[in-house]
Structure formats: C-alpha cells, structure tokens
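[1] The following comprises the amino acid sequence and a computationally predicted model.
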Amino acid sequence: MTENDTGLIGIEDFVKVDLKVARVVEAFDHPNADKLIILKVDLGTEQRQICAGLRGHYVADDLVGKNVVVVANLSSRKMRGEESQGMLLAASSEDRSQVIVLTLDRDIAPGSSVG
C-alpha cells in the first residue's frame, strides 16, 4: 500500500503549504452569498481578502481583531464574484452544524509562520 492509497502525504507535500498568522481587520457578509463572510486580513507585509463559509456560525463583526491561521500560498479564486486570496482554517463537525475558526491563544505578529 502506498501513501497515496491511505490518504497520507509525505513531509515534502506538507512543507509546500504556507500557513501564516493573519489578523482580521475587517469582516462583512458577502452581498451575493448566504454562507460567505468576506474578511480583510493583515499578513504583516500585506493585506488580503478572503471569503470564508462562516455565515450562520459567526457574526462578521465578532471576527474583527482575531488572530487566525490562513493558507497564504493558495491560488486566488472568485467566490460569487468576490476575489478570495487564501483560505482561513476552521474545524467543523461532520454534519457542519459546528464550524469553529482556528485562533491563537496568545498574541503574535501577523505574518508569523505556523508549522
């Protein structure tokens, strides 16, 4: 059985993912999607926009100021007409009745590496 057959990846694949700390500086409901919130995040050296399926689990304003973990080297894509420049990490129950954003328990500078 190969790693691919088990769903496992090697360390060489994992290190390709650039996880960074980002601080949410602005958040608002996506105007054209029932489940998306648009987040403006500070990555230390730049700000980006990320669309995340958090509506119904979070009030957008409650996310402002939180330090979150994002995939910083994910290709951009349009989500219902809005550019999403990364992915916010969240845990969810199997039925998605619970979605919980991964946050940090202490403060650290935006742009800090996660690994």
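    Cool, got the structure.
[2] Only C-alpha atoms from now on, for both contacts and neighbour counts.
    Will do.
[3] Please report the distance of the residue nearest to the spatial centre of the chain from residue 6.
    Against the mean C-alpha coordinate of the chain, by Cα atoms, centre = their mean, the closest residue is residue 88 at 0.4 Å. Residue 88 is 26 Å from residue 6, where distance means Cα to Cα, to the nearest Å.
[4] Does residue 18 touch residue 73 like I think?
    Yes. Taking Cα atoms under 8 Å as the definition, residue 18 is a contact partner of residue 73 at 5.6 Å.
[5] Find residues that contact each of those two.
    Residues touching both residue 18 and residue 73 by Cα atoms under 8 Å, 6 or more residues apart in numbering: none at all.
[6] Count the neighbours of the closest residue to residue 20 other than its chain neighbours for me.
    Closest residue to residue 20 apart from its sequence neighbours, by Cα to Cα, 6 or more residues apart in numbering: residue 113 at 4.7 Å. Other residues within reach of residue 113, judged by other Cα atoms under 10 Å, total 15.
[7] Then residue 53?
    17.
[8] Ignoring the adjacent residues along the chain, who's closest to it?
    residue 36 (4.4 Å).
[9] quick check: longest strand of the protein.
    Looking across the chain with DSSP state E, the single longest strand is strand 19-29.
[10] Now the element after that one, going C-ward?
    With elements assigned by DSSP states H and E, the helix or strand that comes after strand 19-29 is strand 37-42.
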